[in-house]
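Engineer: Just the structure for this:
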Amino acid sequence: MTGSAPSPDQAVAALATQADALLSAAAFIEQAAMTGLTIAVSDEGITILVPRTLPPAAQIAAATALAAAIGAPAPVCTTIGTWTQISADGTISGHQARVSASIEPEDTAA
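Structural biologist: You can find the predicted model right below:
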C-alpha cells in the first residue's frame, strides 16, 4: 500500500478550511454585486470565473475590477492562437484566490 489516508483530524481541518473559504467567497461575491460569476473552492483556494456570456470588453472590465478587489495587480492576459485567458491572483479573507476569464474566438464575433 502506498501513501496513507489523512487522519480524521486532518480531514476535518481540511473541510473546515474549505467551508471557511466558501463563506468568505460568498461574502465577497455579495459585496462585488456581480451576477453570473462561478465560484469554486478547493484545497488550492478560491476560483472566480467571469461569465462567458459577457462581451469580451465586459469580461476584461469585470476581471480587472475583481482583481483589484482581491488585492491583485492588473490581470495577466495570455493568448494561445485565438484563445485568450485573463487571470489574476490575490486573497479573499486570507484564502488564496484567482479571478479568471476566457475569451474564445466566437465571443468576439459581431
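
Engineer: Now the helix or strand bottoming out on mean pLDDT in the chain: buried residues?
Structural biologist: Lowest on mean pLDDT, DSSP states H and E among the helices and strands of the chain sits helix 8-32, with a mean of 84. Under the neighbour-count criterion of 16 or more other CB atoms under 10 Å, helix 8-32 has 18, 21, 24, 25, 28, 29 buried. All C-beta spots, glycine's among them, are computed from the backbone N, C-alpha and C.

Engineer: Quickly check those for the two that are furthest apart.
Structural biologist: Largest separation among these by CB to CB: 18 and 29, giving 16.2 Å.

Engineer: Which residue ranges of the chain form strands?
Structural biologist: 38-42, 45-49, 76-80, 83-92, 95-103 (DSSP state E).

Engineer: between these, which one is nearest to residue 59?
Structural biologist: strand 95-103 (4.3 Å).

Engineer: sorry, back to before: what's the closest of the buried residues of helix 8-32 to residue 90?
Structural biologist: Nearest member of the buried residues of helix 8-32 to residue 90, counting by CB to CB, is residue 28, at 10.5 Å.

Engineer: How about that closest one: what's its closest non-neighbour residue?
Structural biologist: residue 92 (4.9 Å; CB to CB, 6 or more residues apart in numbering).

Engineer: Then residue 26?
Structural biologist: residue 39 (7.6 Å).

Engineer: what's near enough to touch the one you found?
Structural biologist: Applying CB atoms under 8 Å, 6 or more residues apart in numbering to residue 39 gives the contacts 22, 25, 26, 29, 46, 47, 48, 49.

Engineer: Show me the beta-bridge partners of it.
Structural biologist: residue 48 (DSSP bridges).

Engineer: before we move on, what about residue 101?
Structural biologist: The partner residues for residue 101, given DSSP bridges, come to residue 86.

Engineer: who's in contact with it?
Structural biologist: Neighbouring residues of residue 101 by CB under 8 Å, 6+ apart: 49, 50, 52, 59, 60, 62, 63, 75, 85, 86, 87.

Engineer: What of residue 18?
Structural biologist: By CB under 8 Å, 6+ apart, the neighbours of residue 18 are 41, 42, 43.

Engineer: Among those residues, name the buried ones.
Structural biologist: residue 41.

Engineer: Having no further points to raise, I will conclude here.
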